[in-house]
Each structure stands twice: as structure tokens, then as C-alpha cells.
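> Quick check, what structure comes out for this input:
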Amino acid sequence: MQRKSTLKDLAKILNLSVSTVSKAINDSSEISESTKIKVRNVANLNNYSPNRLAQSLKANKTKTIGVIIPDVMSHFFAKAIHGIETKAIELGYNVVICLSNESLKKETESINTLINGSVDGLIISLSKETQTLQSYDHFESVLDYKLPLVLFDRISKRFSCDKINLDDKLASAEATNHLIKTGCKNIIFLSTISGTSVGEKRRSGYSIAIKLDGLKERIVNIPNYSLFESTLLEVLKNEKVDGIVAANELSAITAIKYALKHGYKIPQDISVIGFTNGILSENFIPSLTVVDQHAEEQGELAAQTLINRIEKKTTAEPVSIILKTTIVERESTRPIYYAK
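Below is the predicted model of the structure:
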């Protein structure tokens with residue numbers, strides 16, 4: 001492999017000072033256009049690339065942002081990451097991604113790693129354990145370093161920073177009302193993310209809609225997927241259920257899977273609506289009616305907001321952006337005109 005040339009190597013070849021070569025490569029107005037072209041051509045021919053670390057130390061910026069998410073397997077977070085990276089690259093920044101795997105300890109370790117001069121700011125969606133335990137001490141170091149921070153999707157009111165999220169309470173109420181409009185009268189709320197901010201807001205929205213319509217409220221929290229089939233089957237056997245509002249995409253798809261396995265028809269017997277408009281929702285049979293969370297847009301907004309904060313292009317007060325959701329009707333729910 002050809003050795004990378006240094007500024008000194010280029011200066012020697014061109015018979016110029018190191019300072020002149022550096023200024024030419026960095027497009028300084030002090031250097032003529034003809035010299036810039038000559039220097040760049042020689043740099044390309046001699047395998048030169050700038051020392052990004054040295055540049056970042058000099059500018060006191062890394063042009064890199066850190067992102068910590070709970071789960072990369074979730075379609076929502078995968079789409080959000082795509083949005084973050086697309087916007088960051090457009091604005092000249094690199095992205096470093098860490099996974100908390102829903103662990104407070106892993107989230108803390110990731111923050112401690114990234115704030116040690118590696119990044120100019122952080123985008124974080126809080127882990128389930130962090131929110132369940134209400135433990136936020138590990139964010140003190142971020143605030144002490146005055147490192148720009150954007151929380152998205154799973155946020156907290158415990159500290160002041162920029163935030164991007166949805167009105168999950170309203171979205172869940174609208175999802176519940178959608179099932180009511182199709183004729184459902186016995187609707188359960190099914191969640192595998194209880195304890196998270198989004199899980200609790202979606203439960204609350206469901207409860208509000210159910211009570212306003214005078215229906216019976218029924219919350220089913222499933223701690224892990226190994227208990228999913230037995231828990232759901234017990235509910236379906238003991239209660240008349242004709243509608244399910246699921247707190248996320250995977251729990252909605254899993255509910256349909258086990259309902260079909262045990263002889264229930266979807267949506268004739270049970271209508272199911274979930275959150276996140278992912279590939280799984282669209283291609284499962286029957287396809288899933290969803291609340292579209294606009295994950296990619298959330299990611300893009302989080303990146304734009306963070307970079308605006310890094311580059312001091314925003315107000316001193318924290319930014320709070322709340323996006324609207326959209327219901328995408330598919331095969332897992334009866335059409336509204338079906339209601340009698």
C-alpha cells in the first residue's frame with residue numbers, strides 16, 4: 001500500500017513552504033487559484049489526505065456527533081438513524097452510533113466514552129432501564145461539559161435540553177378512536193415497553209379515549225416476549241376482545257401471529273393497530289394498520305437541531321419540536337364503514 005504523503009512531502013515536491021501548501025489545500029484567500037490547483041493536483045497524485053484529528057484539535061471541533069439508541073433491530077430506530085446520518089452528512093458531520101440495549105449501565109458507558117473529546121454533541125433516545133428506574137445521574141457529565149444534547153422519541157423532563165418527539169398520548173387516543181369507529185367495543189392496550197416515556201404516554205392516551213367512550217379499560221403489560229403467547233392467550237380466553245392497540249410494531253405483529261395460531265380471524269374477530277410504519281408492518285399477512293411516527297423525519301430534525309446548537313445557530317432556550325402522527329390503514333383493522 002502506498003504511503004500517505006505529508007504536508008512536508010508536498011512542500012518539498014512543489015518547492016513551497018509548508019504554510020503555503022496548507023493554506024492552498026484549505027482554500028485560503030491568501031493563495032492564488034493557480035497555486036491551489038497545482039497543490040491539489042500534486043496532493044492527489046501523491047496520496048495525500050488531511051489529518052482530521054489534527055484539524056479537529058486545532059479548531060476544537062471533531063465534526064462528529066454521537067448517537068445512542070436503545071435498539072438497532074427496531075425499524076423505528078433504524079429509520080431514525082438513517083435520517084440522522086443523511087442530515088449529518090449533508091451538513092458535513094460524521095456519526096458515531098452506540099447501542100444501550102435498553103441498559104442503564106451501557107447507556108452510561110456510551111456517554112462516558114463519547115464525551116471524552118470524541119464528539120461535538122449527542123443525540124440520545126433513553127433506554128428502558130433508565131426511564132423505569134428514573135436514574136439520570138449519568139447525564140450530569142454531559143451538562144457539566146456543556147455538550148450540546150438532543151433527546152428524541154424517549155425523552156425526560158428531568159433536565160433542560162433540545163427535544164424532538166411526538167404527542168404519543170394524542171396519537172394513542174386517535175389509534176383507539178380509530179378502532180372504536182370500526183365498531184370495536186372491547187379493546188385492550190397491549191405493551192412490551194411499559195416504564196418508558198412513550199409506553200406510558202400511549203397507555204394514557206388509550207385510557208382517555210376508552211373512558212370518553214364509556215368502554216371498559218384493560219391494560220396488558222408483557223415484560224418479555226417469552227411470555228407473550230401465554231399471556232395473550234389467557235386474556236383472549238377469559239375476556240371478549242375485539243380490538244388491540246399495541247404500543248409498538250413488534251408487539252402488534254406478535255399479537256396477530258398468536259391470535260391467528262389459536263384460531264382467531266384478523267380483522268373479523270380482532271382488529272389490531274400498532275405504532276411505527278415499518279417494512280414488517282407493510283409486508284406481514286395481514287398487513288398492519290399503524291400509527292406512522294415519521295421516524296426518518298424525527299432523525300433528520302434531531303441532527304439538524306443538534307448541529308444548529310453546535311454551530312450556535314439557534315436560540316439560547318432549548319428547542320422542543322412535537323411532530324404529528326398519521327394513521328395508515330391496512331388489513332389488520334376493519335374499515336370504518338363496516339361499523340354497524
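
> Confirm for me that S191 is in contact with K201.
No: using C-beta atoms under 8 Å, S191 is not in contact with K201, being 11.1 Å away. No exception for glycine: its C-beta is placed from N, CA and C like everyone else's.

> So for those two, which sits in the more crowded spot?
Per other C-beta atoms under 10 Å, whichever of S191 and K201 has more neighbours is S191, with 24 against 19.

> Once you drop chain neighbours, what's closest to the more buried one?
In this structure, S191 finds its nearest non-sequential neighbour in A247, 3.8 Å apart by C-beta to C-beta, 6 or more residues apart in numbering.

> Pretty sure the one you found sits against S197.
No: judged on C-beta under 8 Å, A247 makes no contact with S197 at a distance of 11.7 Å.

> out of those two, which sits in the busier spot?
Each of A247 and S197 has its neighbours counted (other C-beta under 10 Å); A247 has more, 27 against 21.

> Next, the contact list for that one, please.
The contact partners of A247, by C-beta atoms under 8 Å, 6 or more residues apart in numbering, come to F189, L190, S191, T192, I193, S194, V198, G199, R202, R203, G274, F275.

> Point out where the stretch 51-200 of the chain drops to low pLDDT.
For the stretch 51-200 of the chain, the stretches flagged by pLDDT under 70 are 51-60.

> what about the strands in it?
Remark: strands assigned in the stretch 51-200 of the chain by DSSP state E, counting those that start in this stretch are 64-69, 94-99, 121-124, 149-152, 162-166, 187-191.

> With I193 as the reference, measure out to the residue lying closest to T276 once chain neighbours are set aside.
Excluding its sequence neighbours, the residue lying closest to T276 (C-beta to C-beta, 6+ apart) is E249, at 4.1 Å. Distance from E249 to I193, counting by C-beta to C-beta, to the nearest Å: 11 Å.

> Can you tell me the closest non-neighbouring residue to G199?
G199 sits nearest to I193 (C-beta to C-beta, 6+ apart), 3.8 Å away.

> Please report how far that neighbour lies from V290.
From I193 to V290 the distance is 15 Å (C-beta to C-beta).

> Can you pick out the residue with more neighbours from those two?
Counted by other C-beta under 10 Å, I193 and V290 do not tie: V290 has more neighbours, with 28 against 25.

> ok, and what's touching the helix or strand hosting the more buried one?
Using DSSP states H and E, V290 sits in strand 289-292. Strand 289-292 is contacted from outside by 171-172, 174-175, 178, 249, 252, 271-278, 281, 325-333, using C-beta under 8 Å, 6+ apart.
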